[in-house]
Structures are given as C-alpha cells and as structure tokens.
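>>> I would like the atomic coordinates for the input below:
(chains A and B, ligands or ions: 2)
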2 protein chains.
Amino acid sequence: MIRVVLLGAGNVAQHLYTALCNQTSVEVIQCYNRKGSKLHPDQKKELVTNTLTELVDADIYILAISDDAIEEVSSNLPFTNRLVVHTSGSVPMDTIHSSNRKGVFYPLQTFSKDKTVDFSTIPFCLEAENEKDYNLLKELGVTLSQKLYKISSQQRNALHVSAVFVNNFTNHLFSIGNDICSDNDIPFEILHPLIRETADKIATMNPDNAQTGPAIRNDHKTINRHIKFLSDTTQKELYQTLTKAIQSKYGKKL
Amino acid sequence: MIRVVLLGAGNVAQHLYTALCNQTSVEVIQCYNRKGSKLHPDQKKELVTNTLTELVDADIYILAISDDAIEEVSSNLPFTNRLVVHTSGSVPMDTIHSSNRKGVFYPLQTFSKDKTVDFSTIPFCLEAENEKDYNLLKELGVTLSQKLYKISSQQRNALHVSAVFVNNFTNHLFSIGNDICSDNDIPFEILHPLIRETADKIATMNPDNAQTGPAIRNDHKTINRHIKFLSDTTQKELYQTLTKAIQSKYGKKL
Ligand SMILES: NC(=O)c1ccc[n+]([C@@H]2O[C@H](COP(=O)([O-])OP(=O)(O)OC[C@H]3O[C@@H](n4cnc5c(N)ncnc54)[C@H](OP(=O)(O)O)[C@@H]3O)[C@@H](O)[C@H]2O)c1
Ligand SMILES: NC(=O)c1ccc[n+]([C@@H]2O[C@H](COP(=O)([O-])OP(=O)(O)OC[C@H]3O[C@@H](n4cnc5c(N)ncnc54)[C@H](OP(=O)(O)O)[C@@H]3O)[C@@H](O)[C@H]2O)c1
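Ligands and ions are numbered 1, 2, ... in the order given. Modelled structure (predicted):
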C-alpha cells in the first residue's frame, strides 16, 4: 500500500485525488490546502488540513500546487528526508527544498475543471534523485497509467516548450480559423473533421511527411491571394511568419 | 439514378470513385484522365478514356483535377449547357468555362494516398448557378455524407484560408514539437495524447475559452525561459510572434 499525502486543491489535485482514490494499492491518507477544502464531497473532513505542521507520515507527498508556490511550500514542510514530488511540467526538480528527497510526478495533459480525465491514456514524466524513489514513483504511476517515462528536468523543460507549440499555439490557430469563419458566416463545425484528421495523422505519420499546403508547394499565387484576403494585421503577420518557417524548413531539403 | 463522369486520376478522384461506386443511386458511367488509367483494378477498361471528345452524356461531370487545370480542361469540353463541377477549395466557381452550367462539389478534408476515407464524416461545400443544379449536387452529396453546406465561392476562399491555419500551420507546429523532442532524446509519442485532447476540445469548447499557456497568463518568466531555450532562430521567431498574437487578442478583452 502506497500512502500518499496530496497538497493543493486545484485542477490537478482534484483529478489526481479522484483517480488515486479508485486504486486499491494506494491510499490518500491526507489532503492539505490553504482553505482546508475537501477534494470530493465524500471525503472525510478529518482527512483534510490547512496547516502544514499537522501533516502525517506518508510514503509520498505530492505538491499539486501552482508552480510559483513549490519552492516556498516545500521549504515549510515540518519534516525531513521524506519523498516530496511536484506535478509541474516546467519547474526543475531542484526547486523542491533539499531538506527532503525530491521527485517529479508530471502528468503530461491539459486538464479542464469540468471534464473527466481518463488517466490511463496520460503519459507521466517521472524523475527522482535515486533509484529507490524512482521505483516508488513508478509503482504509484502504474496504478494510473501504462505510459511512464523517465524524464530529466532538462528534458522536461524541452517537453514543456514543445507542449506550448502543439497545445497552446495550435489552439490559437484554431481560434483564428474560428474567427475567419464567423466573419464570413460559416459555421466553424465545418472545420472540425479536418482538425480531427490533422491531429489523428501524427499517430501514424511523421509530421514532416504529413506537411501539405501552399507554403510547402511554393504556391505563390495562393499565398498572395490569402495574404491579400486577410485584413487583420496580426493574422497576416502570422500567415507570413508560418509560411516562411515552412519554406525555410523544407526548402533546405527540396 | 445520377449518372456521373469523373475527370482526373489523383487523390480525390480515386477516393471519390471508390465511394461513388458503392452507392446504389449513383453510376459512374465513365472516367477521363490523360493517361487513360483505371481508377480501380476492377474498373472495365472501356469505361476509361484519355480523350475529351469521347466523353459520353451524363448528369454531372466532376473535375477532380489540379486547381490550375480546371480552367483549361473545362474550356476543352466537347459539349455545352451540361453541369460541370470542380472539387477545389480555392478555385472560384466561375473559373469553369461558361459554355456549361457550373458548380462546386468540394469535400473539406485532407486526403492521403494510402489512407481509406470515411466520406460520411466529411463536410461537402456545394455551390451551383441555379437551384435545380444545386439540388442535384445535394442529391449526389447526400449519398456520401449528411454534412452538406451551401457555400459561396467567396466563403469557400475564407474557408480555405482557415483550413491553412488549422491544418497546414497546425501540422507545422506539430513538426516543431517533434524536432524539439528528437533534439532532446524524448519520444514524440509522449505528446500524442496532448495533441489529441487539444483537437478534441474544439468539439465541445470555443477555442477562445480553451486557450491556456504562458502567453495568455502573461507569464513573462516562463516565456523568457522558453525563448532562451530555443536555439533555432525560426522557432524563436515563431514562438515570439504567436505569443504576441495571443496577447494582443486576449489583452484587449482582459
Ligand atoms: N492544469 C493543467 O492542465 C496541468 C497539467 C499538468 C501539470 N500541471 C501542474 O500541476 C500543478 C497544479 O496546477 P493546477 O492546474 O492544479 O493549478 P490550479 O488549478 O491553479 O491550483 C493551484 C493550487 O495551488 C494552490 N496554491 C497556490 N499557491 C499556494 C501557496 N503559496 N501555498 C499553498 N497552496 C498554494 C492553490 O491554492 P488556493 O486554492 O488556496 O489558491 C490551488 O489549490 C502546477 O505545478 C501545474 O504546472 C497542471
Ligand atoms: N488532396 C486533397 O486533400 C484535396 C482535398 C479536397 C479538394 N482537393 C481538390 O481536388 C482537386 C484534385 O486534387 P488531388 O489532390 O486529387 O490532386 P492530384 O492527386 O495531384 O491529382 C491531380 C489530377 O489532375 C490531373 N491533371 C492535372 N493537370 C491536368 C490537365 N491539364 N489535364 C487533365 N488532367 C490534369 C492529373 O493528371 P495526371 O495524373 O495525368 O498528371 C491528376 O489526375 C484539386 O482541385 C484539389 O484542390 C484536394
């Protein structure tokens, strides 16, 4: 039985709490958050604390709190030499105060408040200072997902930058598509199947091989017509920068 | 029974041929392409021609040929006043020579040579010069898909620009994510679930509401760390342009 104390009450803490409570080999023995809120209506009140000095003995302490709070909260823990991990994609492991053994338990997915999460499809990026702690994190991770990866803090930083490109920036491109559609009285849903196919393709095809469109074809006529069509300066600039980026990437290879 | 003549032997022609042959209320009575190639091994040779003057009488002639060839081929057709449509997202209907009745039968999806296509999920953008022809295109379309949209040439141009953003440019962001991963010995598959979730979200959420990440949070610390991390000038420029675009879009609203 792995005894877990979960700190935080946000998006990640709530989804993790629900998921871990469903595991027979894991017990969430206590939760901490500043307001002393329950993470689930069914949770017993005495298992929640808003006072760090009341934290009980556990195998793993999971800091599912804001990136900026990890350093401070970890340095205020009232014990030493226990395994303390955070769940962040962008914070180095060493940000955790060195009075305890450090680790990372990062679920690489975007969580929304009201959307249930199927953890079994989510990759976990694990890191620890020694093999024994790493194996304990693996043991915890495998109760939720088969996709466990040993990822160093430096690699995690690279992954986080990649995630900004494939998630945050991609979503912005969707929002531009949506804006162009509404400006032209076109229901955005027409583009949903294309968006789905674009994302599905990467499961079977390297994105370099899946690249199509006027930029890679060097189709100046279409590119110029599109740039002329776009009246929004920011959209125009993005179209040009992305077209140039595609051409400079594949121009070299052609 | 709708009698169809299909011109072209590329990606779209081949997928359309297979799909239309499976419909009981449609008959592909002839195919034309420059090489006189069969579109399917089972196709009878006498139903294929490489000579425009041999084209038989039909209800609809579908030009599934390169954008640049539509004007020329349509002006070389040896008949007048019949319904001639193209399948392009970016060519205005009026590019078809006016000796015949014009229309558009545009499947809004990206087709790959070896990947089978489920037409029932593909939106068709239809356009014609008069209601009778439009209804005939609808009758043809509904045999393949329930998602039929009346889209003018001007709207289709807007849709095509949107499609470049959500498909071509998005795929390039995936390819950058892939490059950053391989440079750091990270399997790109770690990002697949995130990519799938990013795309799935738009089915239930407006992309403006789904926007997350350092740009919209105005998280300068993370943005600067990411820009410092990126050594490739083009990737750096894209990161900055996209961050600025997100901030200028939502900065106004905040
Ligand atoms: N959201 C995602 O999609 C996602 C995905 C993977 C990883 N992560 C990572 O998971 C961690 C938590 O993210 P989240 O999305 O759950 O954040 P969130 O919903 O904003 O919740 C943040 C939590 O941190 C607590 N907190 C902030 N400052 C604190 C402090 N000084 N002392 C104690 N508690 C403090 C907050 O407490 P109050 O309620 O009292 O303010 C809140 O419970 C972050 O490291 C994040 O990078 C997030
Ligand atoms: N690919 C997609 O994902 C997609 C999606 C929706 C719509 N579309 C549109 O569908 C149409 C066809 O695209 P595609 O992807 O099927 O193109 P493709 O695979 O490149 O095939 C183009 C076809 O056009 C023929 N062609 C070119 N010039 C010709 C000429 N002067 N005379 C006669 N035939 C000529 C080619 O004949 P040869 O074999 O003899 O060269 C070939 O059969 C285009 O308008 C395109 O915009 C494409």
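
>>> Got phi/psi on A:Ser25?
phi -100, psi 10 (degrees, to the nearest 10).

>>> In contact with A:Tyr17, which residues?
A:Tyr17 sits next to A:Leu6, A:Val28, A:Cys31, A:Leu39, A:His40, A:Gln43 when contact means Cβ atoms under 8 Å, 6 or more residues apart in numbering or on different chains. (Glycine included, C-beta is placed from N, CA and C.)

>>> So the fifth one: helix, strand or coil?
The three-state assignment at A:His40 reads coil, by DSSP: H, G, I helix; E, B strand; the rest coil.

>>> Could I get the contacting residues of it?
A:His40 sits in contact with A:Gln14, A:Tyr17, A:Thr18, A:Cys21, where contact means Cβ under 8 Å, 6+ apart.

>>> Could you tell me how many residues sit around A:Gln240?
Neighbour count of A:Gln240, defined by other Cβ atoms under 10 Å in any protein chain shown: 16.

>>> Excluding sequence neighbours, find me the nearest residue to it.
The shortest distance from A:Gln240 to any non-neighbouring residue, by Cβ to Cβ, 6 or more residues apart in numbering or on different chains, is to A:Ile227 (6.6 Å).

>>> And A:Thr198, by the same measure?
Per Cβ to Cβ, 6+ apart, closest to A:Thr198 is B:Asn167, 4.9 Å.

>>> Wait, A:Ala64 touches A:Gly8, no?
Yes. Taking contacts as Cβ atoms under 8 Å, A:Ala64 lies within contact range of A:Gly8: 3.8 Å.

>>> Neighbour-wise, which one of the contacts of A:His40 leads?
That'd be A:Tyr17 among those, by other Cβ under 10 Å, with 22 neighbours.

>>> Shouldn't the residue nearest to A:Thr198 be within a helix?
Yes. With three-state DSSP as the criterion, B:Asn167 is assigned to a helix.

>>> ok, so what distance separates it from ligand 1?
25 Å (Cβ to the nearest ligand atom, to the nearest Å).

>>> which residues touch the residue of the stretch 51-200 of chain A at minimum distance from chain B?
Of all residues in the stretch 51-200 of chain A, A:Asn168 sits closest to chain B, at 3.1 Å by Cβ to the nearest Cβ. A:Asn168 is in contact with B:Gln211, B:Thr212, B:Gly213, B:Pro214, B:Ala215, B:Ile216, B:Ile246, counting by Cβ under 8 Å, 6+ apart.

>>> circling back: now do the same contact list for the residue nearest to A:Gln240.
Contact partners of A:Ile227, counting by Cβ under 8 Å, 6+ apart, are A:Lys236, A:Tyr239, A:Gln240.

>>> gap between the two ends of stretch A:208-221?
23 Å (Cα to Cα, to the nearest Å).

>>> near ligand 2 at all, that stretch?
No. Using Cβ under 6 Å from any ligand atom, no contact is recorded between stretch A:208-221 and ligand 2, whose separation bottoms out at 7.0 Å.

>>> buried ones in that stretch?
Within stretch A:208-221, the residues that count as buried by 16 or more other Cβ atoms under 10 Å in any protein chain shown are A:Asp208, A:Ala210, A:Gln211, A:Thr212, A:Gly213, A:Pro214, A:Ala215, A:Ile216, A:Asp219.

>>> near chain B, which of those show up?
A:Asp208, A:Ala210, A:Gln211, A:Thr212, A:Gly213, A:Pro214, A:Ala215, A:Ile216 (Cβ under 8 Å from any Cβ of the partner chain).

>>> So which bits of the stretch 1-150 of chain A are right by chain B?
Neighbours of chain B within the stretch 1-150 of chain A, by Cβ under 8 Å from any Cβ: A:Ser90, A:Leu108, A:Gln109, A:Thr110, A:Ser112, A:Thr121, A:Ile122, A:Pro123, A:Cys125, A:Lys147, A:Tyr149.

>>> again, 7 Å this time
A:Ser90, A:Leu108, A:Gln109, A:Thr110, A:Thr121, A:Ile122, A:Pro123, A:Tyr149 (Cβ under 7 Å from any Cβ of the partner chain).

>>> Tell me which two in those residues are the farthest apart.
Spanning the widest gap among the residues of the stretch 1-150 of chain A next to chain B are A:Ser90 and A:Thr121, at 21.9 Å by Cβ to Cβ.

>>> which of the two has more neighbours?
Higher neighbour count among A:Ser90 and A:Thr121: A:Ser90, with 21 against 14, using other Cβ under 10 Å.

>>> How many residues are close by the closest residue to A:Leu63 other than its chain neighbours?
Of all residues not flanking A:Leu63 in the chain, A:His86 sits nearest, at 4.5 Å (Cβ to Cβ, 6+ apart). For A:His86, the neighbour count with other Cβ under 10 Å is 29.

>>> ok, now A:Leu20?
Neighbours around A:Leu20, by other Cβ under 10 Å: 19.

>>> tell me which element it falls in.
helix A:11-21 (DSSP states H and E).

>>> gap between that helix and the chain center?
14 Å (Cα atoms, centre = their mean, to the nearest Å).

>>> list the buried ones in the very next helix or strand once past that helix?
Using DSSP H and E, the helix or strand that directly follows helix A:11-21 along the chain is strand A:26-32. Residues A:Val26, A:Val28, A:Ile29, A:Gln30, A:Cys31, A:Tyr32 are the ones in strand A:26-32 that count as buried (16+ other Cβ under 10 Å).

>>> go on, stretch A:70-86?
A:Ile70, A:Val73, A:Ser74, A:Leu77, A:Arg82, A:Leu83, A:Val84, A:Val85, A:His86.

>>> Could you find the closest non-adjacent residue to the fifth one?
Across the structure, with Cβ to Cβ, 6+ apart as the measure, the residue nearest A:Arg82 apart from its sequence neighbours is A:Asn100 (5.2 Å).

>>> A:Ser90 contacts A:His160, doesn't it?
Yes. Between A:Ser90 and A:His160 there is a contact under Cβ atoms under 7 Å: 4.5 Å.

>>> and chain A, what are its domains?
The record's domain parsing of chain A by automatic domain parsing lists A:2-151, A:156-249.

>>> Make a markdown table out of those domains and add mean pLDDT.
Converted to a markdown table, the domains of chain A look like this (pLDDT from 0 to 100):
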| stretch | mean pLDDT |
| --- | --- |
| domain A:2-151 | 96 |
| domain A:156-249 | 97 |
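
>>> neighbours around A:Asp59, how many?
When neighbours are defined as other Cβ under 10 Å, A:Asp59 has 18 of them.

>>> residues contacting it?
A:Asp59 makes contact with A:Ile2, A:Arg3, A:Val4, A:Leu83, A:Leu136 under the criterion Cβ atoms under 7 Å, 6 or more residues apart in numbering or on different chains.
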